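Peer 1: return atomic coordinates for the entry below.
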Amino acid sequence: LVQQKYKIADDKVEVIPLIPLTELATREQYPEFIEKKFDIVFYGRVDKYKDYETFFKAVDSIFAKGNEVSILVINDFLPEREFEALVSSAKAAVFPYSGATGSHGPSVAFSLGVPIIATDVGCFQEYINDFGIGLCVEPKNPLALAAAIMEILETTIPKALIQKKFKEGLYKAKQKLYEV
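Peer 2: Reported below is the predicted structural model:
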């Protein structure tokens, strides 16, 4: 559906399909996904506020400029080990939300050493400033999102640096919490 709607070649996007929670996806079920490395990972429940529309328009503009980018969309329940393997192998996690208050997604990415590209809604900018490395762009702007994706993909950011900033940010947040 994604490939058809946005005219993106089948070999450019991988989607792990939604399955019943009682049948968790495993390495044995999806070895082609688990072992592959992706440039961009987009994960979580499919909800309108996550703005898949802007994300895929951004991807379309990246492809239109002749750039090669591989994408993984995880809309599934995976065992922790498989999920971590997929996210940590990506060069960036993308959160192009049209609205949000908070999200656990950036924390997961940062803990695995993955930078994020997010829209400037909710507390994404605060997450980047305090806990990780990434870029924020205005919501519903596919060209700005595409430019940010390419900027992150063209920059070498050591995983250890992102993980260090995440741990330091958690420590500082914990210290603030107990200052009262």
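Peer 1: low-scoring stretches of this protein, by residue?
Peer 2: Along the chain, the parts satisfying pLDDT under 70 run over 1-35, 76-77, 180.
Peer 1: all helices of it, in order?
Peer 2: For the chain, applying DSSP state H gives helices covering 2-6, 31-34, 52-64, 80-89, 105-111, 124-131, 142-153, 159-177.
Peer 1: which of the ones you listed is buried the deepest?
Peer 2: Ranked by mean neighbour count, the helices of the chain are led by helix 105-111 with a mean of 22 (mean count of other CB atoms under 10 Å). From N, CA and C alone the C-beta is placed, and that goes for glycine too.
Peer 1: could you find the closest non-adjacent residue to A148?
Peer 2: Nearest residue to A148, sequence neighbours excluded (CB to CB, 6 or more residues apart in numbering): L135, at 4.3 Å.
Peer 1: can you tell me how far the one you found is from V46?
Peer 2: For L135, the distance to V46 equals 23 Å [CB to CB, to the nearest Å].
Peer 1: and those two? Which one has more around it.
Peer 2: Counted by other CB atoms under 10 Å, L135 and V46 do not tie: L135 has more neighbours, with 21 against 9.
Peer 1: contact partners for the more buried one?
Peer 2: Applying CB atoms under 8 Å, 6 or more residues apart in numbering to L135 gives the contacts 115-118, 128, 148, 151-152.
Peer 1: ok, so of those residues, who is nearest A93?
Peer 2: Nearest to A93 among these: I116, at 4.9 Å, using CB to CB.
Peer 1: neighbours around that closest one, how many?
Peer 2: The local packing of I116 (other CB under 10 Å) involves 28 other residues.
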